[in-house]
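> Turn this into a model:
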Amino acid sequence: MNFITKKVLSIFFSLMILLSLAPLLPLQVKAAPAESVTDRIYGNTLYDTAVEISKRGWDFAPVAVLATGRNFPDALTGTVLARKVNGPLLLTESNRLNPEVAAELKRLGTQEVYLLGGEVALNVGVENSLKDLGILPRRLSGWDQYGTAAEIARAAAPNSDEAFLVNGELFPDALSISSYAAAQGIPVLLTRSDSLPPETAKALADLGVSEVTLIGGKAVIKDSIEDQLGKLPQPVKVAARYAGYDQYETNTEVLNHLSFATSKVYVATGENFPDALAGAALAGKSNTPILLIPNSALGKSTTAYLNERRASGAAFTIFGGWGVISYKMESVIRTGAVQPWVSLQYTQGGYGGTNGMLNQVMSIPSPATDYADIIAPSWYYLDDTADGNVVGGWDATPDNYSKFTANVQSRNLKVLPVIQSSWSTPDTVDKVMATETARAKLIGQIKDRINSIKADGIVIDFELMNTKTGPYLTQFMKELYAELHPLNKLVIQAVMPRTGNEEWLEEFDYAGLVQHVDYLHIMTYDYSHGVPGPIAPLDWSSRVLKYAKDQGVDMRKVLFGLPYYGVDWTAKGTPDAPSYSRVARGLHTLYGTTSDTDITGMMEVIAKYNSTVQRDASQIPYFSYTDADGASHTVYYDDAQSWNAKMSLLSQYGLGGVGAWSLYWTIHPESSGAIFPVLKQHLR
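Reported below is the predicted structural model:
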């Protein structure tokens with residue numbers, strides 16, 4: 001069985017209707033109203049993320065704080081000091097000053113830097129590098145983390161009648177309190193779980209602390225600490241304890257009981273310290289909470305806190321890239337969906353270029369995040385030179401792509417442009433994939449393009465290949481993912497549908513490819529191509545997904561192909577030897593009708609010819625009609641009922657979401673009114 005690819009269909013339709021459609025597309029599209037945005041601050045490394053946080057918060061900082069990014073104890077309490085000096089908390093390697101940090105200090109005009117910890121944490125080479133930059137280093141350190149915390153507290157809050165006390169061998173509880181402590185100028189000191197370090201006891205006395213708040217449960221800070229505090233020469237009272245059964249519940253206890261400004265919430269991983277530590281210095285400027293998130297499912301208290309803040313209209317800013325807090329977790333944060341299914345929506349090229357694709361995106365109602373997550377415009381193609389060069393698809397200048405990206409991102413959607421293989425010379429992709437230098441050039445050009453337009457990643461859609469190209473395709477995806485994943489760019493691959501019987505599709509090694517992508521979009525459409533039949537029957541779609549599952553594919557990474565179009569087959573030839581031509585149709589005529597010849601939508605065709613709609617076993621509607629020339633037509637398409645039926649496969653196979661081809665068919669308001677409620681119902 002052969003499949004007609006969506007690219008071939010696109011070219012075919014373009015030749016027929018591009019000239020008639022293009023003038024009807026407006027040349028300029030007014031930007032959609034800005035929606036509540038889930039922002040993300042990140043860099044390629046934890047050090048870069050701290051620098052990006054600094055850039056977000058400070059244009060000028062005569063004094064800054066510097067800690068190691070390798071280990072947490074010496075740095076845990078530094079946010080209070082950073083707030084006092086009104087500078088960022090930056091991170092560097094223990095044995096050198098990272099060049100990006102040096103550049104940031106220069107940008108800030110920094111003249112003085114506090115180094116947190118001894119020479120094991122930040123060695124003398126870091127000090128010398130600062131001196132070479134004309135920056136005065138000031139080291140705050142003790143014998144261990146308890147002594148260092150005491151020295152930081154003396155510098156940050158030399159006189160304070162209150163303090164926070166956290167376990168010095170764990171980091172999450174300190175991160176929970178850090179932004180509040182920084183905003184209020186309250187020192188944070190460290191303790192062991194069952195004994196109060198003498199350095200901490202002395203600091204309590206030196207600062208004049210009369211009461212402390214314990215952060216963490218009794219397994220983290222035992223009752224014996226309260227007894228020891230009460231027996232000090234200057235007794236210290238425990239005013240309160242904020243604790244939960246784990247670090248995440250403790251975090252929400254802190255956030256719920258203390259007075260934060262909650263119009264914004266910062267979000268960081270609770271599995272590691274650097275992002276939240278650097279972020280707390282920024283959050284402390286506005287007394288904004290930092291919510292800690294696990295790698296897997298959220299607990300009840302974290303979910304409840306997110307729901308409350310979301311209901312109140314709070315904006316969320318995530319610290320760290322998708323390798324730290326995944327895109328699926330971002331979807332949970334943004335939408336509250338228990339099952340964060342991803343909605344990938346393609347825009348179809350050839351109908352007005354990038355401006356036409358922007359019209360397609362505008363068909364998505366507001367807020368767009370109720371229906372979509374990722375927009376994938378058809379922009380890039382492999383050059384027929386077959387040397388790995390990339391050519392643009394629809395516009396003469398990359399500036400059009402940048403404007404498109406900015407417009408779509410303003411609706412809180414991700415932009416992942418599509419790069420496709422050549423249909424004019426099908427062996428192009430075979431040659432590029434089989435050549436190491438061509439693959440390297442292609443990866444470099446992909447990186448350059450998505451960085452230059454500030455896209456969020458790439459969709460790879462290579463379809464016309466020789467079976468022997470399969471291992472090279474998998475190798476290419478491995479190489480591409482290794483380059484883009486550290487840059488926090490999403491990688492999606494579109495693959496042809498397989499049930500295991502299609503020898504001509506063996507180049508798509510699902511199990512191998514899925515290891516090197518964020519999502520694998522299986523294009524479950526174009527089942528019928530030679531004779532009239534459904535585009536994506538439910539039983540066939542299920543067989544495709546079962547095949548993927550049986551290959552050991554992580555189905556949480558699979559996006560299920562959802563067609564928005566139907567096909568009108570026209571019978572030709574003789575009854576004994578019929579042949580068929582085909583044309584794609586949407587639910588409704590795209591740009592309205594001016595005469596009978598303009599009718600292209602299913603509903604209008606049904607009305608014109610008074611056709612009777614039937615449904616097959618997959619609930620897919622179909623009908624027949626005879627046109628004015630006497631030609632016999634058979635039409636299969638999808639509507640809300642059949643889309644709903646297909647959506648049952650999401651739960652059945654534990655999928656990652658859907659990939660829909662394409663938004664071109666949603667432009668008519670009645671079409672979008674049928675399509676998008678289905679997406680919202682099932683995905684959100």
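> in the stretch 451-600 of the chain, what spans have low per-residue confidence?
For the stretch 451-600 of the chain, applying pLDDT under 70 flags the ranges 591-598.
> The chain too?
1-37, 337-339, 591-598.
> which residues touch Ser326?
Asn295 (CB atoms under 8 Å, 6 or more residues apart in numbering). Placement of C-beta: from N, CA and C, glycine included.
> redo that, cut-off 10 Å
Ile293, Asn295, Ser296, Val332, Pro340, Asp518 (CB atoms under 10 Å, 6 or more residues apart in numbering).
> So which of those wins on neighbours?
Of all the contacts of Ser326, the most densely surrounded is Ile293 (27 neighbours; neighbours counted as other CB atoms under 10 Å).
> Assess the claim that it and Val332 are in contact.
Yes. Ile293 lies in contact with Val332 (CB atoms under 10 Å); the separation is 8.7 Å.
> what residues do these two have in common as contacts?
Common neighbours of Ile293 and Val332 (CB under 10 Å, 6+ apart) are Thr302, Leu306, Ile325, Ser326.
> Adding distance to Leu538 and secondary structure as columns, could you present these in JSON lines?
Putting these into JSON lines (distance: CB to CB, whole Å; DSSP: H, G, I helix; E, B strand; the rest coil) gives the following:
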{"residue": "Thr302", "distance to Leu538": "37", "secondary structure": "helix"}
{"residue": "Leu306", "distance to Leu538": "35", "secondary structure": "helix"}
{"residue": "Ile325", "distance to Leu538": "35", "secondary structure": "coil"}
{"residue": "Ser326", "distance to Leu538": "30", "secondary structure": "coil"}
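> shouldn't Lys557 be in contact with Leu490?
No. Assessed by CB under 10 Å, Lys557 is found out of contact with Leu490, at 11.5 Å.
> shared neighbours of those two, anything?
Val342, Val517, Asp518, Tyr519.
> between those, which is closest to Asp430?
Nearest to Asp430, judged by CB to CB, of the shared contacts of Lys557 and Leu490 is Val517 at 20.5 Å.
> Can you get me a residue count around that closest one?
21.
> Surely it and Leu490 touch.
Yes. Assessed by CB under 10 Å, Val517 is found in contact with Leu490 at 8.8 Å.
> For those two, list the residues in contact with both.
With CB under 10 Å, 6+ apart as the test, Val517 and Leu490 both reach Val459.
> what ranges do the strands span in the stretch 101-250 of the chain?
Taking DSSP state E, counting those that start in this stretch, the strands of the stretch 101-250 of the chain run over residues 112-116, 136-140, 162-167, 188-191, 211-215, 237-242.
> go on, the stretch 401-550 of the chain?
Taking DSSP E, counting those that start in this stretch as the test, the strands found in the stretch 401-550 of the chain are 414-415, 418-420, 457-461, 490-495, 519-522.
> ok, and which of those strands has the densest surroundings?
strand 519-522 (a mean of 27; mean count of other CB atoms under 10 Å).
> Give me the sheet partners of it and which way each runs.
strand 490-495 (parallel), strand 558-563 (parallel) (DSSP bridges).
> Any chance of TSV for these, columns distance to Ala261?
Output for these, formatted as TSV (distance: least, CB to CB, whole Å):
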stretch	distance to Ala261
strand 490-495	32
strand 558-563	38
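> wait, which of those strands is closest to Asn159?
Per CB to CB, nearest to Asn159 of the strands paired with strand 519-522: strand 490-495, 49.7 Å.
> tilt between the closest one and strand 457-461?
Comparing the axes of strand 490-495 and strand 457-461 via axes from the mean of the first three to the mean of the last three CA atoms, to 10 degrees yields an angle of 10 degrees.
> Relative to the whole chain's centre, how far out is strand 490-495?
Chain-centre distance of strand 490-495: 13 Å, with CA atoms, centre = their mean, to the nearest Å.
> quick revisit: save the strands of the stretch 401-550 of the chain as JSON lines, and put in distance to Val113 too.
Listed next are those as JSON lines, based on distance: least, CB to CB, whole Å:
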{"stretch": "strand 414-415", "distance to Val113": "37"}
{"stretch": "strand 418-420", "distance to Val113": "44"}
{"stretch": "strand 457-461", "distance to Val113": "36"}
{"stretch": "strand 490-495", "distance to Val113": "36"}
{"stretch": "strand 519-522", "distance to Val113": "42"}
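> looking at those, which is closest to Leu590?
That would be strand 418-420 among the strands of the stretch 401-550 of the chain, by CB to CB, at 21.1 Å.
> Can you tell me what sits against the closest one?
So strand 418-420 is contacted by 5-7, 10, 346-347, 349, 376-382, 390-391, 393, 429, 442, 445-446, 449-450, 458-464, 492, 494 (CB under 10 Å, 6+ apart).
> among these, which ones are buried?
5-7, 10, 346-347, 349, 376-382, 390, 393, 429, 442, 445-446, 449-450, 458-464, 492, 494 (16 or more other CB atoms under 10 Å).
> Could you measure from the closest residue in space to Arg556 that isn't next to it in sequence over to Leu505?
The shortest distance from Arg556 to any residue other than its chain neighbours is 5.1 Å, reached at Gly656 (CB to CB, 6 or more residues apart in numbering). According to CB to CB, to the nearest Å, Gly656 and Leu505 sit 21 Å apart.
> Which helix or which strand is home to Trp379?
strand 374-382 (DSSP states H and E).
> Quick check: what element follows that strand along the chain?
strand 390-392.
> what's that next one packed up against?
Packing contacts for strand 390-392, counted by 3 or more CB pairs under 10 Å, 6 or more residues apart in numbering; DSSP states H and E, involve strand 374-382, helix 398-409, helix 436-452.
> again, only this time at 7 Å
Judged by 3 or more CB pairs under 7 Å, 6 or more residues apart in numbering; DSSP states H and E, strand 390-392 is in contact with strand 374-382, helix 436-452.
> what does the last one rub up against?
Okay, so that is helix 436-452. 380, 387-390, 398, 417, 419, 431-433, 457-458, 476, 479-480, 483-484, 489 (CB atoms under 7 Å, 6 or more residues apart in numbering).
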